[in-house]
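[1] One predicted model, sequence on top.
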Amino acid sequence: SYGLKSIQLGAFSGSGLKSLTIPDSVYNVPGNIVDNCINLESLKLSDNIIDLGNNFFCNTPKIKSVTLPKSLRTIGRNAFTGSNIKSVIIPKTVALIYKSAFENAILDSIEFEEGSNLSIIEEGAFSGCKNLKTITIPAAVKEIKEKAFLNCTNLERVVFEKNPRLKNLNSACFSNTAITEITIPKPLEIVGTYAFDGASKLETVRFEDDSELTELLGWAFRNCSNLTVVDFGKNS
């Protein structure tokens, strides 16, 4: 078929565009396509985009909402840094969210579609999302990497979907959050260094019965000044 197939790196970066529709013939959109487009108010993505490139929405303050296509597989580094998008639904096709993709975003709602294929939440992916109050971790996630939710200072509630595969919480992944209680899924094997450091509102930590935990690393719950209950469950 005919039509535009790809848009190359930085094609509209820093331009005065107010509106842009990327045709459905486009499958490839690398990074910096519309970054620093400070007047861009409306952006329609191709329904066939597979990868959302690095810095995609970086410094696009007038874009308030976006619909991510059902074809999307990856979200690039710093993709939403400096955007004013308040909520996002991440399609179930997304398997990888790269480092710092939503770092310091003003997002107050992040929703994963049911049946999400996301397997790893990368380093710093949601760090500094100060408006985020709750997050549901998809069952397919096996690892939450370093600083993934660091300094999400209003994050109160973390829920793991049923039948989780989570094996590893890496260092500082929930450090300086407002979590009050958390139930650690049975398959988890490692709680990393400083994992909950500075989570000063955390009161209760429960490990599910038959927990597969093998390592609770140094300073995991350091400075959790209100932590009063740690329950390792039965047969741990």
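    Good, I have the coordinates.

[2] wait, residue 159 sits on residue 136?
    Yes - assessed by CB atoms under 8 Å, residue 159 is found in contact with residue 136 at 4.6 Å. In short, each C-beta sits where N, CA and C put it, glycine included.

[3] So for the two, which sits in the more crowded spot?
    Of the pair residue 159 and residue 136, residue 136 is the one with more neighbours under other CB atoms under 10 Å, namely 14 against 10.

[4] Show me what secondary structure element comes after the helix or strand that contains that one.
    For residue 136, the element it lies in under DSSP states H and E is strand 134-137. From strand 134-137 onward toward the C-terminus, using DSSP H and E, the following helix or strand is strand 143-144.

[5] what's in contact with that following strand?
    Residues outside strand 143-144 that contact it (CB atoms under 8 Å, 6 or more residues apart in numbering) are 119-121, 137, 166-170, 173.

[6] same deal with stretch 64-73?
    With contacts defined as CB under 8 Å, 6+ apart, stretch 64-73 is touched by 43, 45-52, 57, 75, 84-91, 93-96.

[7] Is there a quick PyMOL command that grabs whichever of those residues are buried?
    Only the buried members of these end up in this PyMOL selection, burial being decided by 16 or more other CB atoms under 10 Å:
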select buried, resi 43+45+46+48+49+51+52+57+75+85+88+90+91+93+94+96
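
[8] next one: phi and psi at residue 87?
    The phi/psi pair for residue 87 (degrees, to the nearest 10) reads phi -150, psi 150.

[9] so how far is residue 57 from the closest residue to it other than its chain neighbours?
    Using CB to CB, 6 or more residues apart in numbering and skipping residues adjacent in sequence, the residue nearest residue 87 is residue 109, 3.8 Å away. Summarising the geometry, the distance separating residue 109 from residue 57, computed by CB to CB, to the nearest Å, is 16 Å.

[10] Pull out the buried positions in stretch 172-191.
    Of the residues in stretch 172-191, 172-179, 182, 184-188, 190-191 count as buried by neighbour count, 16+ other CB under 10 Å.

[11] Restrict it to CA atoms and write it as PDB.
    Once side chains and other backbone atoms are set aside, the C-alpha atoms of stretch 172-191 remain, and they are given as PDB (Å, rounded to 0.1, in the frame of the first residue of the first chain):
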ATOM      1  CA  ALA A 172      14.500   2.300  46.300                       C
ATOM      2  CA  CYS A 173      11.600   1.300  44.100                       C
ATOM      3  CA  PHE A 174       9.000   2.600  46.600                       C
ATOM      4  CA  SER A 175      11.200   4.900  48.600                       C
ATOM      5  CA  ASN A 176       9.700   8.200  49.900                       C
ATOM      6  CA  THR A 177       6.100   7.200  49.100                       C
ATOM      7  CA  ALA A 178       2.900   7.600  51.200                       C
ATOM      8  CA  ILE A 179       2.000   3.900  51.200                       C
ATOM      9  CA  THR A 180       0.200   3.000  54.400                       C
ATOM     10  CA  GLU A 181       0.100  -0.800  54.000                       C
ATOM     11  CA  ILE A 182       1.200  -3.300  51.500                       C
ATOM     12  CA  THR A 183       0.700  -7.000  50.900                       C
ATOM     13  CA  ILE A 184       3.800  -8.700  49.200                       C
ATOM     14  CA  PRO A 185       2.800 -11.300  46.700                       C
ATOM     15  CA  LYS A 186       3.800 -15.000  47.300                       C
ATOM     16  CA  PRO A 187       6.200 -15.300  44.300                       C
ATOM     17  CA  LEU A 188       8.400 -12.400  45.400                       C
ATOM     18  CA  GLU A 189      12.000 -13.600  46.100                       C
ATOM     19  CA  ILE A 190      13.900 -10.400  46.800                       C
ATOM     20  CA  VAL A 191      13.100  -7.100  48.500                       C
END
